[in-house]
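In: Following is a predicted model, sequence given first.
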Amino acid sequence: MSEVTKAKVVVIFSGGMDSFTVLHKALSQGYEVYAVSFNYGQRHDKELIYAANVCKELSITHKIVDLTSLNPLLAGSSLTDNIDVPEGHYEETSMKSTVVPNRNMIMLSMAVGYAVSISAEAVYFGAHSGDHAIYPDCRTEFVEAMNAVCQIANYAPVDIRAPYLKNDKIEILAEGLSMGLDYRKTWTCYNGRDKACGKCGACQERLEAFEKNKAVDPLEYE
């Protein structure tokens, strides 16, 4: 009997807890997953090490794309420039300094090109409702528009799928915990130090998600 060929998808995998959950969701749906991560000069580039380790453990094809040459064009973000990462919750206006101009459009465009080259039907990424207030390229309108464009940008249409677009981090973590996922294998903190800072918006949202799920975050904090 011939082996059934699985449909392919590309997952944009940062190494953080949202994309980690998305990666496993795609696997649970029976897809052959190809992961792609991006080094865009982020100060928390240790997330890429976490991404690589997960993909190695799962025997998933993983590519890390170097976008650091684009840094001079994407100035003004505290994630890539010599600007202090703000402390506080994502709902605070100060967190807008963490926006990297056009980041998701650039990453999605490259991931779609990769998807076309390997005949994958979709690109998955981890936008969620908690990002909507701060990040324009995580909002429903953006995802829907990108999906429409990617149906016609190549001979082969590619779907843009953000399975947690209408969920917050609390709900994403709840699903991941129900899947038995180990979040010690993820990195979230915007400060790429030895331990998570516990104070930046990314850390605060992560800690809140664990607290609301009555679970303990396995990462070490300063």
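Out: On my side now, so go ahead.

In: Tell me which other helices or strands the lengthiest strand in the chain touches.
Out: Criterion DSSP state E: the longest strand present in the chain is strand 32-39. Where contact means 3 or more CB pairs under 8 Å, 6 or more residues apart in numbering; DSSP states H and E, strand 32-39 is packed against strand 8-12, helix 17-28, helix 47-58, strand 61-66, helix 103-117. C-beta: built from backbone N, CA, C; applies to glycine.

In: now the third one: how far from the chain's centre is it?
Out: Remark: helix 47-58 is offset 13 Å from the chain centroid, using CA atoms, centre = their mean, to the nearest Å.

In: tilt between it and helix 17-28?
Out: With axes from the mean of the first three to the mean of the last three CA atoms, to 10 degrees defining the directions, helix 47-58 sits at 20 degrees from helix 17-28.

In: got the CA positions of helix 47-58 in CSV?
Out: The C-alpha coordinates for helix 47-58 follow below in CSV (Å, rounded to 0.1, in the frame of the first residue of the first chain):
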residue,chain,number,x,y,z
GLU,A,47,14.2,33.0,20.8
LEU,A,48,15.7,31.6,17.6
ILE,A,49,17.7,29.1,19.7
TYR,A,50,14.5,27.9,21.3
ALA,A,51,12.8,27.6,17.9
ALA,A,52,15.7,25.6,16.5
ASN,A,53,15.8,23.3,19.5
VAL,A,54,12.0,22.6,19.2
CYS,A,55,12.3,21.8,15.5
LYS,A,56,15.3,19.5,16.0
GLU,A,57,13.4,17.6,18.7
LEU,A,58,10.3,17.2,16.5
